[in-house]
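K.L.:
show me the folded form of this:
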Amino acid sequence: MRCRAHGVVVARVPWARHGAWHTRAFEDTAAWLACVTSKTTITQLMRVSWRAVGSMIERVSAEKQAGTDRMAHLRRIGIDEISYRKGHKYLVVVVDHDSGLLIWAAPGREKATVRKFFDALGPERTAELTHVSADGASWISAVVTERAPRAEQCTDPFHVVQWATEALDEVRRDVWNHARRQPGGSKPSGRVHKTSRAAGDARDLKNARYALWKNPDNLTDPQAARLAWVEKTHPYLYRAYLLKEGLRVIFQLKGHPRKAAAALDRWLAWTARCRIPEFTELGRKIRAHRPGIEASLRNSLSNEWASYCTSS
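P.N.:
A predicted model of the protein is given here:
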């Protein structure tokens, strides 16, 4: 607007934010879409540029955060790291278990990054924390012990089950490599069932990866059939799968700490005699983190939804 006294000025209007080229309702719609779909989809649907979408998200986010103190009344938090770009770029994120909100995030994956969060939180609010869940990484637990010694540290069940999935995949790759090296037939081994035929065996083992990873309730019919094939032809690998599933079932007993502790005892005894090196080593790792795991079972805390909050 042109003012006789002040020259050309920008007037504040109720239907748009300062510096915006779009109405408030338009920007609110674009920001909501950013939570549920990709930025490319937004540019096509709203007919705006990629950069304009980013600017709208920044303005809407800044307005919302200005009126909200996300760090007020924190008691139970989860600390995690996520990869946000190729080349090992990570963010440390902090979520509030009680409100379900993302309360803080910063680039990095080290003690200094976690200390920045506690610096922002302040000593008085830090003293009010009662529970902190994380993935068992020492660079997180060491800073929590240093800054919030009275908070109970909980090892996140989501990551513990991921450890078992990674151990299972190591076993699968080992069995697959053994089959791949023997295209002409079969050779008895502790890791490959003597009735396997290596030529097609390696291909089938590679295709069985997702069937072994997924929860039994989520298997498609072809994946269930492939899992049944693994049970018949590769009992060593199937036993590793049962160990992974046994650990996952333990965490379904959250809220029943005594039953969960007894089930964990049985599972650890199983790993000690299973003769699968990857799971024997996992058993040792879980014993080292057992106090934090049992704390998570008692308090029903998990960072599983933190990845969803931050990815959107």
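
K.L.:
longest helix of the protein, counting residues only.
P.N.:
Using DSSP state H, we find that the single longest helix of the chain is helix 157-180.

K.L.:
distance from it to the middle of the chain?
P.N.:
Put simply, helix 157-180 sits 18 Å off its chain's centre (Cα atoms, centre = their mean, to the nearest Å).

K.L.:
tell me who's in contact with residue 52.
P.N.:
21-22 (Cβ atoms under 8 Å, 6 or more residues apart in numbering). Glycine gets a C-beta too; all of them are placed from N, C-alpha and C.

K.L.:
secondary structure element for it?
P.N.:
Secondary structure assigned from DSSP states H and E places residue 52 in helix 50-66.

K.L.:
now do the next helix or strand after that helix, average pLDDT.
P.N.:
With elements assigned by DSSP H and E, the helix or strand that comes after helix 50-66 is strand 76-85. On average, the pLDDT along strand 76-85 is 88.

K.L.:
against which helices or strands is the helix or strand that strand 76-85 is followed by packed?
P.N.:
Using DSSP H and E, the helix or strand that follows strand 76-85 towards the C-terminus is strand 89-96. Contact analysis of strand 89-96 by 3 or more Cβ pairs under 8 Å, 6 or more residues apart in numbering; DSSP states H and E lists strand 76-85, strand 102-107, helix 111-121, helix 306-311 as its packing neighbours.

K.L.:
partners of the first one, with directions?
P.N.:
Under the criterion DSSP bridges, strand 76-85 sits next to strand 89-96 (antiparallel), strand 131-134 (parallel) in its sheet.

K.L.:
give me whichever of these is most buried.
P.N.:
Ranked by mean neighbour count, the strands paired with strand 76-85 are led by strand 131-134 with a mean of 25 (mean count of other Cβ atoms under 10 Å).

K.L.:
pLDDT averaged over it - what is it?
P.N.:
The model assigns strand 131-134 a mean pLDDT of 94.

K.L.:
next one: stretch 273-288
P.N.:
Here the average pLDDT along stretch 273-288 is 95.

K.L.:
okay, buried residues for it please.
P.N.:
274, 276, 278-279, 282-283, 286 (16 or more other Cβ atoms under 10 Å).

K.L.:
now swap in stretch 289-296 and tell me
P.N.:
For stretch 289-296, the neighbour count (16+ other Cβ under 10 Å) marks 289, 292-296 as buried.

K.L.:
other residues contacting stretch 241-255?
P.N.:
157, 160-161, 164-165, 167-168, 212, 215-216, 227, 230, 259-260, 263-264, 267, 270-271, 274, 276, 279, 286, 296-297, 300, 302.

K.L.:
right, I mislabeled it, should have said stretch 75-94
P.N.:
Stretch 75-94 is touched from outside by 95-98, 102-109, 113-114, 117, 128-135, 137, 140, 144, 156, 299, 301-303, 306-307, 309-311, with contacts defined as Cβ under 8 Å, 6+ apart.

K.L.:
now do that stretch: distance to the chain's middle.
P.N.:
Here the centre of stretch 75-94 is set off from its chain's centre by 9 Å, with Cα atoms, centre = their mean.

K.L.:
and stretch 40-50, by the same measure?
P.N.:
Counting by Cα atoms, centre = their mean, stretch 40-50 comes out at 29 Å from the chain centroid.

K.L.:
stretch 120-139 now?
P.N.:
On Cα atoms, centre = their mean, the centre of stretch 120-139 falls 18 Å from that of its chain.

K.L.:
show me which residues of it are buried.
P.N.:
Judged by neighbour count using 16+ other Cβ under 10 Å, the buried positions of stretch 120-139 are 121, 126, 129, 131-136, 139.

K.L.:
follow-up on the earlier one: please pull up the helix or strand immediately following the longest helix of the chain.
P.N.:
helix 198-207.

K.L.:
per-residue pLDDT of residue 294, please?
P.N.:
We have a pLDDT of 92 for residue 294.

K.L.:
can you confirm it is in a helix?
P.N.:
Yes - according to DSSP: H, G, I helix; E, B strand; the rest coil, residue 294 belongs to a helix.

K.L.:
count of residues packed around the closest residue to it other than its chain neighbours?
P.N.:
Computed as Cβ to Cβ, 6 or more residues apart in numbering, the closest residue to residue 294 that is not its neighbour in sequence is residue 261, at 6.1 Å. Neighbour count of residue 261, defined by other Cβ atoms under 10 Å: 16.
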